[in-house]
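Engineer: pasting the structure only:
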Ligand SMILES: [Zn+2]
């Protein structure tokens, strides 16, 4: 539960922060270059693949780099290529020089919303469990709260059989 709440707070913080500063993870590997940015309320995931080795690429390993600071725009905004858009979600495939680029844009409000649902469900489940345990401790029916001290086998009020 705590992890989910933390995830929600983190997503929310990222969303708010993305309007002032961007956070990004960038990587390179031989002929491909990828990036994941949180900027202007969106999560922008992009992968660019070309036939030849990248100019920036020196060795055999995957290089990672953090990019913090200035707000970034999706590369697809520079191209008039047709993409799929729906409620802030966008998906693009386009040629960027010799490279084939893919870009996926997910609104951060959507991630924050998804992260909010889980803690909500968990809290509800936790409260229900606690209520049932309290009622059981007081020898009451866990379904309707009726006092079961006289009839511990079956609730005379609602018919529930205590487990
Ligand atoms: Zn009952």
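Structural biologist: Yes, it's here. Predicted, not measured: the structure shown is a model, and the values here were computed from it.
Engineer: for the lengthiest helix in the chain, which helices and strands make contact with it?
Structural biologist: Longest helix in the chain, counting residues (DSSP state H): helix 108-137. When contacts are defined as 3 or more CB pairs under 8 Å, 6 or more residues apart in numbering; DSSP states H and E, helix 108-137 packs onto helix 2-17, strand 42-49. From N, CA and C alone the C-beta is placed, and that goes for glycine too.
Engineer: residues of this protein that sit close to the ion?
Structural biologist: Taking CB under 5 Å from the ion as the contact definition, the chain meets the ion at 141, 143, 144, 146, 155, 157, 158, 160.
Engineer: who's in contact with the residue positioned nearest the centre of the chain?
Structural biologist: Against the mean C-alpha coordinate of the chain, by CA atoms, centre = their mean, the closest residue is residue 111 at 4.0 Å. Residue 111 makes contacts with 11, 15, 43, as judged by CB atoms under 8 Å, 6 or more residues apart in numbering.
Engineer: repeat for residue 97
Structural biologist: Counting by CB under 8 Å, 6+ apart, residue 97 touches residue 50.
Engineer: please name the nearest non-neighbouring residue to residue 132.
Structural biologist: residue 142 (4.3 Å; CB to CB, 6 or more residues apart in numbering).
Engineer: got phi/psi on the one you found?
Structural biologist: As for residue 142, its main-chain torsions (degrees, to the nearest 10) stand at phi -70, psi -10.
Engineer: neighbours of it, how many?
Structural biologist: 18 (other CB atoms under 10 Å).
Engineer: ok, the spatially closest residue to residue 118 that is not a sequence neighbour to residue 106 distance?
Structural biologist: Leaving aside its chain neighbours, residue 118 sits nearest to residue 4 (4.4 Å; criterion: CB to CB, 6+ apart). In this view, residue 4 and residue 106 are 19 Å apart by CB to CB, to the nearest Å.
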